[in-house]
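A.B. asks: here is a sequence together with a model predicted from it:
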Amino acid sequence: MSENFDYFNRINFDLLERIPLTSKKILEVGCGAGAMAMAFKNRCPNCEYIGIEQSPEACLTAKERLDDLLIGDVEGDLELPNNLDCLIYGDVLEHLKDPWRCLNKHVEKLNDSGTLIACIPNAQHWSMLYQLIQGKWQLNDEGLFDKTHLRWFTLENIKDLITSSGLYLIEVKPRVFNTNSIDDFVSRMSPALSNFGINKKDFIQGVSPLQYVIRAVKEKKKRIQINYLKVDLDVQGLSKSRMEGSLKSLSTIPNVNYVNSKMNQFKISKSYDNSIKVLQFYRPIFNHINFLPSLKNIIQNDYLLVIDFDDHPDIIRDKKNLEFTLKCCHAIHTTNEYLANIIKQYNSEVYIFENNVMSINPKRINKEIQKIKVFFGALNRENDWKPWIDTINKAISKNPNQWHFHVIHDKLFYESINLPSEQKSFTPVCTYEQYLQIMTKCDVSFMPLQKNKFNQCKSDLKAVQAASNSLVPLSTPVVYNNNFVNKKTAAFFTTNEELLHILNSWSENPENMRQIGKNAQEYVASNRLYCYQINKKIESYYSLWERREQISKDIFERIVDIK
């Protein structure tokens, strides 16, 4: 590979995060080596991702990553696909002779719900002004001063480009880097700004972005504004996986926006744009006396109050607060049918959304397994793992050098594993990102659950996370056998003899273990990604919004007797 290959193999994550996860057909103009296509296909495997590229070196790799590759000049006579859901231009339009004509031609290929996303350099950037003041204009191989740039755009030019193509511009995200240099430049320029009648704040906004990421649509739809209000009881890892990841996936849809806020900082306000306004909570506990004025304010200002509850309601010990919390909202999201049936005793508007993940991780290296790496990450799970620890130690004692345990949170479990310190590692309470990073290094995820009413309300999130990274879920059947299949996508045990047999068989033939991990990842790729539940969630918000007056009346009827 030449040094230029790195240029063609990059991912603009600001663009990746804006490709609608409901897209069935995508065209990326200037797709390079197809790195973004590969990343998006891990999020949305069933989409058809098409690229246009003219670099011979980049095309060699792109062919393996895309569903279809058009090789040649985008301004030439290439036959473009119809009925596109998304058009992507990552630092491309500035390289074209006639971007206006090209864009108009491509927009015709978008379907009525189509989205255009692009990243475009800012000709007003401070570094360009600085060069001109110095009487210079440098030429580089890439970046803002790329010598192959033929067209230049300010924000106003970008807006004109989009509107002239018949699209509606709905989002402009400035990409700002090197803020210290911006501050220094603006400080030096400040004396001249007043002489030209230029507002300093406007000037800073204009010269700061290196590029603009824009999103435009063919037709506007009713906007859904979701405000995720965090409460003190939020568990970071659960909040990020259950709520923030899912809401982030929803925001890839152009008419959906979400923001994170602290509950005590959010201000309820009347909206006059007829958008669907949602207040979303995760595992809240609302006091039946203190929260009532807020509830009335929420409903009077046309918000939908939606809570997500993925545990047995009895975790709320005050029964009046439990009853009020589940009855005072317009709807409740939960994770499985068992839990949904419990919650329906309090509220009929219950929607089941399984815990999914954004993407699979196919980067596991297919080399001979030197050690079997087991992951265990949990809090307050001593009662669940203690019945099995002696069997684990018995299995690993046959060939101790073959095993390594990565343990997070549970120091007692770490100390109970009979391996030397160099063959086990312990990480105390850590961030969600660290948790996943450690998990990714492993082959097996050990996650036993005892059968009780609380565990039966758990979701299979841990198994989904593990499987998305091609780990084998090793567990008792509780909860996990609802979706995972023994010996195919997971390994289940109900007795110590079964657990011993599983571990011994993997020790003798690790490839059997690896195959289950591959099968598990294929299951997640086909069933448990966020992309598969987006339309259902959006439909639920629309349904609630259309029926909000009646559902609001139902709320007050349900809570009237709670004193």
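C.D. replies: Good, I have the coordinates.
A.B. asks: show the contacting residues for K327.
C.D. replies: Applying Cβ atoms under 8 Å, 6 or more residues apart in numbering to K327 gives the contacts 346-347, 555, 558-559, 562. Yep, even glycine has a C-beta here, placed from its N, CA and C like the rest.
A.B. asks: would JSON lines of these with pLDDT be doable?
C.D. replies: Output for the contacts of K327, formatted as JSON lines (pLDDT from 0 to 100):
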{"residue": "Y346", "pLDDT": "96"}
{"residue": "N347", "pLDDT": "96"}
{"residue": "I555", "pLDDT": "96"}
{"residue": "R558", "pLDDT": "94"}
{"residue": "I559", "pLDDT": "93"}
{"residue": "I562", "pLDDT": "80"}
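A.B. asks: excluding chain neighbours, what is closest to I551?
C.D. replies: H330 (5.1 Å; Cβ to Cβ, 6 or more residues apart in numbering).
A.B. asks: so what's the residue count around that neighbour?
C.D. replies: Using other Cβ atoms under 10 Å, H330 has 24 neighbouring residues.
A.B. asks: which pLDDT value belongs to it?
C.D. replies: The score at H330 is 98. That number is its pLDDT.
A.B. asks: what do you get for G237?
C.D. replies: So G237 comes in at 62 (pLDDT).
A.B. asks: cool, N452 as well?
C.D. replies: Confidence score, pLDDT, at N452: 85.
A.B. asks: for the one 5 residues further on, same thing?
C.D. replies: The model reports C457 with a pLDDT of 79.
A.B. asks: so for the longest strand seen in the chain, what gets flagged as buried?
C.D. replies: Counting residues, the longest strand found in the chain (DSSP state E) is strand 110-121. Within strand 110-121, the residues scored as buried using 16 or more other Cβ atoms under 10 Å are 110, 113-121.
A.B. asks: let's have the residues you listed in a markdown table, adding distance to Y282.
C.D. replies: Below are the buried residues of strand 110-121 laid out as a markdown table (distance: Cβ to Cβ, whole Å):
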| residue | distance to Y282 |
| --- | --- |
| L110 | 36 |
| S113 | 30 |
| G114 | 33 |
| T115 | 29 |
| L116 | 33 |
| I117 | 29 |
| A118 | 34 |
| C119 | 33 |
| I120 | 37 |
| P121 | 39 |
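A.B. asks: quick check: the two most widely separated of those?
C.D. replies: S113 and P121 (28.6 Å; Cβ to Cβ).
A.B. asks: ok, back up a step: just give me the closest of the contacts of K327 to D390.
C.D. replies: The closest of the contacts of K327, once distances to D390 are taken by Cβ to Cβ, is Y346, at 42.2 Å.
A.B. asks: now for the closest one: which residues touch it?
C.D. replies: Contacts for Y346 (Cβ under 8 Å, 6+ apart) come out as 313, 323, 326-327, 558.
A.B. asks: how about those residues in TSV, adding distance to E546 and secondary structure?
C.D. replies: As requested, the contacts of Y346 are exported to TSV (distance: Cβ to Cβ, whole Å; DSSP: H, G, I helix; E, B strand; the rest coil):
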residue	distance to E546	secondary structure
P313	28	helix
E323	27	helix
L326	23	helix
K327	21	helix
R558	20	helix
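A.B. asks: show me where the stretch 351-500 of the chain dips below the pLDDT cut-off.
C.D. replies: 364-369 (pLDDT under 70).
A.B. asks: can you give me the strands in it?
C.D. replies: 372-377, 403-408, 424-427, 444-446, 472-475, 491-492 (DSSP state E, counting those that start in this stretch).
A.B. asks: and the shortest one, what does it pack onto?
C.D. replies: Under the contact criterion of 3 or more Cβ pairs under 8 Å, 6 or more residues apart in numbering; DSSP states H and E, the helices and strands touching strand 491-492 comprise strand 472-475.
A.B. asks: show me what the strand it packs on is packed up against.
C.D. replies: Under the contact criterion of 3+ Cβ pairs under 8 Å, 6+ apart, strand 472-475 touches strand 444-446, helix 461-468, strand 491-492, helix 510-527.
A.B. asks: what's the closest of these to L436?
C.D. replies: Per Cβ to Cβ, nearest to L436 of the helices and strands packed on strand 472-475: helix 461-468, 6.9 Å.
A.B. asks: okay, and the helix or strand of this protein with the least pLDDT?
C.D. replies: helix 236-238 (a mean of 63; mean pLDDT, DSSP states H and E).
A.B. asks: tell me the contacts of Q533?
C.D. replies: Taking Cβ under 8 Å, 6+ apart, we find Q533 in contact with 246, 353-354, 356.
A.B. asks: quick one: which of those residues sit in helices?
C.D. replies: S246 (DSSP state H).
A.B. asks: so which of the contacts of Q533 wins on neighbours?
C.D. replies: S246 (25 neighbours).
A.B. asks: so which of the strands of the stretch 351-500 of the chain is the most surrounded?
C.D. replies: Comparing the strands of the stretch 351-500 of the chain by mean neighbour count (mean count of other Cβ atoms under 10 Å), strand 472-475 comes out on top with a mean of 27.
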